[in-house]
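Novice: curious how this folds, go ahead:
(chains A and B)
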Amino acid sequence: MSAPPVPSAAHTVAAVTRLQLLRFARGKKLRLALVALTLVVAGVVTARHLGEHADAAAVAEAVRSGLRLGFLGLLVYLLPFLFASGVIAEEVEGRTLSFLVARPVSRAALATGKYLAAIALAVPLLVGGILLVHLGCFVTTPEALVAELPETLRIAGAVALLASCYAAICMLWGAVAVEAAGIVATLHLAILEFGLSLVPGPIRLLSMNYVASQLAGFERTGMFADITPDVPPLAAGLTLGAVTLFFFGLGLVTVATSEFRFSKA
Amino acid sequence: MSAATPSHAQPAAASREDEAPSIRAVRLSKWYGRVTALQDVSLHLAPGIWGLLGPNGSGKTTFLRLVAGQLRPSLGEVRVCGLAPFGDVRALRRIGLCPEADAMYDDLSALEFVASMAELSGYSRGAAKERAEAALDAFGLKKEMERKVGGYSRGMRQRAKLAQSVVHEPDVLLLDEPLTGTDPTSRAVILEQLAKRASAGAVVLFSTHVLHEVEALTEQVLLIARGQVVAQGHVHEIRDLLDEHPHHVRVVCDRPRELAAVVLDEPGVLGVRFPAPDAVEFETRDPDRTYAAIAKKAVEGRFRLQSLTSPDATLEALFHYLVERSGRMAGTGSDAAVGSAAPYSAAGLAPGASPAPKAPSR
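Specialist: I've put the predicted structure just below:
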């Protein structure tokens, strides 16, 4: 008998990530994400070209509104939810987790690998979609294509950070509430993220969506927007990072300590 | 029947990564809420093939999951090669597990699945693929390894699961009902591979509730029932017990009391009861002889027999017998004093133990 030496954490994280990406590539979620992304990109680009805009600034504003609605208001919820909410829960429900936890892979490496696989798909798809929108909207105006690029990249960065945060939230709920992962993650995103992003006053700061919209440079909207505090870009970025780490850390602890449903036949 | 190595020894103090292949449980218990799934199990398994035999719900899977590091003990401890397996990657690298559930990554090919598992065990991608091919080949899936496992038959899926469990050459191989749903061809391949692993020095522990599956693989068995290891020893002794422990033969006929009167004097018949107005149930140590005697007496006495059945000519009956006997012995010896599961041999339940008095019961 010659079992191999204990693999390094980096090796196991990479192996878990690769396996999860392979499963995404073979599953339906990636296709569903691509369909949603295509519809949003096509919708924003079509709206920009069909709309009548007075000047270049109006065009830029229309594109920004489209990005806000399509990406910050829709896809940034959908894609992390699709890819992250089931990474642990579906293994438990499908009773395939046995194969993974019987390997010399720490539970932390297991959760990290799965989280990385989720954001490795969600973030590039979102950023790629935003860049496609930029290209599609400004393809007829080369000067705007260049001039508006920094703003577009700022939005892409904010959306990427927010997607990472939402992926951590979805993975956490998938590990905590295995049998109701989708419902609990949806409730969290709908109430605490989408709902609070519209309420007046400082309570809006609890919504990472609002924080990300500030990082992206969007104007405040919603009820009593004028009494809602602004968030400086640096503080917004740090807040998003800290909240992501908080939920990711909770997810790691949950996965590391839970017996999941091995206590059931 | 002798205990393999029942152990109430001190907990393994020194945990060494290079310790020889072994499974050691010391007063191991597991509860799910108020349900006791495993109770005070102590044992030591050395290299070789071990059958974990017990009826459904007896605690086999819980024991395997504790050994595989998927569950934490509620009380006591379990060691694999000297290491506590829950969350310890040094122990997990030496364990191979084939779970009972027919659940796999159906969208992946068998090669992708097994190679991924090898990679998770620490091999590079290239080495993992080579090992996966070899493991699948060993289990007779060479031609089918590129197909998605979702399209496999039950036997092929079982073989793919077994291939992933041995792809990293584990020192301790845990198999939960490995022969379930397999055809004779698959069964032969699986048995051959498991024997090969054991001869290479691994501890192979497999669970089943079918006695002949154990007989096909090994002589060494653990009998588990109601969360307790009720006996350990050789499989032929289980067979002897099956033959020797009291069996019940139920006859439904027109004159059960008259039939009881003429059969009761036959050799081997221990007692009789009447579970229904038209039925008589004989307790016997020699079922074959009793069947013959009943048939003979029925013809001679012109009885009208409606049915002749044995409600307990199974392992299930043996488990109940052993559990009841060990329960009766509890509190009378040293094992009871330390709260042990009172394994069969330790409780003095030797084959041929004095039978119940031969008297009718009504």
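Novice: closest to the centroid, which residue in the chain?
Specialist: In the absence of a named chain, chain A is used. For chain A, the residue nearest the mean C-alpha position is residue A:163 (2.0 Å; C-alpha atoms, centre = their mean).
Novice: could you do chain B instead?
Specialist: Note: chain B centre (C-alpha atoms, centre = their mean) maps to residue B:53, 1.3 Å.
Novice: so the residue nearest to the centre of chain A: helix, strand or coil?
Specialist: Residue A:163 carries the three-state label helix when classified by DSSP: H, G, I helix; E, B strand; the rest coil.
Novice: residue contacts, the residue nearest to the centre of chain B?
Specialist: Residues in contact with residue B:53 (C-beta atoms under 8 Å, 6 or more residues apart in numbering or on different chains) are B:207-209, B:211, B:214, B:221-224, B:238, B:315. Placement of C-beta: from N, CA and C, glycine included.
Novice: one more pass at 7 Å, please.
Specialist: Residue B:53 sits next to B:208-209, B:211, B:214, B:221-224 when contact means C-beta atoms under 7 Å, 6 or more residues apart in numbering or on different chains.
Novice: for it, phi and psi?
Specialist: The phi and psi values for residue B:53, taken as degrees, to the nearest 10, are phi -110, psi 130.
Novice: what's across from it in the sheet?
Specialist: Going by DSSP bridges, residue B:53 is paired in beta bridges with residue B:208, residue B:223.
Novice: check it and give its pLDDT.
Specialist: Predicted confidence (pLDDT) for residue B:53: 86.
Novice: which stretches of chain B have low pLDDT?
Specialist: Under the criterion pLDDT under 70, the flagged ranges of chain B are B:1-18, B:238-239, B:241-246, B:311-362.
Novice: check the stretch 151-265 of chain A too.
Specialist: A:261-265.
Novice: can you do 90?
Specialist: Judged by pLDDT under 90, the stretch 151-265 of chain A has its weakly predicted residues at A:179, A:197-203, A:219-230, A:256-265.
Novice: how about the strands in it?
Specialist: Taking DSSP state E, counting those that start in this stretch as the criterion, the stretch 151-265 of chain A contains no strands.
Novice: what's the answer for chain B, then?
Specialist: B:23-32, B:35-45, B:48-53, B:75-80, B:95-98, B:172-176, B:203-208, B:220-225, B:228-234, B:247-253, B:269-276, B:279-284, B:305-309 (DSSP state E).
Novice: out of those strands, which is closest to residue A:107?
Specialist: strand B:95-98 (15.3 Å; C-beta to C-beta).
Novice: return the residues of chain A in contact with chain B.
Specialist: Residues of chain A that fall close to chain B, judged by C-beta under 7 Å from any C-beta of the partner chain: A:1-7, A:11-12, A:15-16, A:19, A:22-23, A:26-27, A:94-96, A:98-107, A:259, A:262-263, A:265.
Novice: please flag which of those residues sit within helices.
Specialist: Secondary structure from DSSP state H places A:11-12, A:15-16, A:19, A:22-23, A:26, A:98-101, A:107 of the residues of chain A next to chain B in helices.
Novice: farthest pair within the residues you listed?
Specialist: The most widely separated members of those, counting by C-beta to C-beta, are A:26 and A:107 (24.6 Å).
Novice: settle it for me: which of these two has more neighbours?
Specialist: Between residue A:26 and residue A:107, counted using other C-beta atoms under 10 Å in any protein chain shown, residue A:107 has the larger neighbour count: 20 against 16.
Novice: list the contacts for the nearest residue to residue B:249 once chain neighbours are set aside?
Specialist: Spatially, and ignoring its direct neighbours in sequence, residue B:249 is nearest to residue B:282 (4.7 Å; C-beta to C-beta, 6 or more residues apart in numbering or on different chains). Residues near residue B:282 by C-beta under 7 Å, 6+ apart: B:248-249, B:263, B:269, B:272, B:290.
Novice: please name the bridge partners of residue B:282.
Specialist: Beta bridges link residue B:282 to residue B:249, residue B:272, judged by DSSP bridges.
Novice: mind listing the helices for the chain?
Specialist: I went with chain A, as the question did not name one. Under DSSP H, chain A gives helices at A:9-26, A:29-50, A:56-67, A:76-84, A:86-93, A:97-101, A:107-138, A:142-147, A:149-176, A:181-187, A:208-215, A:233-257.
Novice: ah, I was thinking of chain B
Specialist: Remark: helices assigned in chain B by DSSP H are B:60-67, B:89-92, B:110-120, B:125-138, B:154-166, B:184-199, B:211-217, B:235-244, B:256-263, B:287-301, B:315-329, B:334-337.
Novice: quick check: angle from the third one to helix A:9-26?
Specialist: With axes from the mean of the first three to the mean of the last three C-alpha atoms, to 10 degrees as the basis, helix B:110-120 and helix A:9-26 are set at 160 degrees to each other.
Novice: what angle do helix B:110-120 and helix A:107-138 make?
Specialist: Using the same axes, to 10 degrees: helix B:110-120 against helix A:107-138 is 120 degrees.
Novice: got it, and the fourth one?
Specialist: Taking the same axes, to 10 degrees, one finds helix B:125-138 and helix A:107-138 inclined to each other by 110 degrees.
Novice: by contact count, what packs against helix B:125-138?
Specialist: helix B:110-120, helix B:154-166 (3 or more C-beta pairs under 7 Å, 6 or more residues apart in numbering or on different chains; DSSP states H and E).
Novice: next one: the first one to chain centre, how far?
Specialist: When you say that, I think you mean helix B:110-120. Counting by C-alpha atoms, centre = their mean, to the nearest Å, helix B:110-120 is centred 29 Å from the centre of its parent chain.
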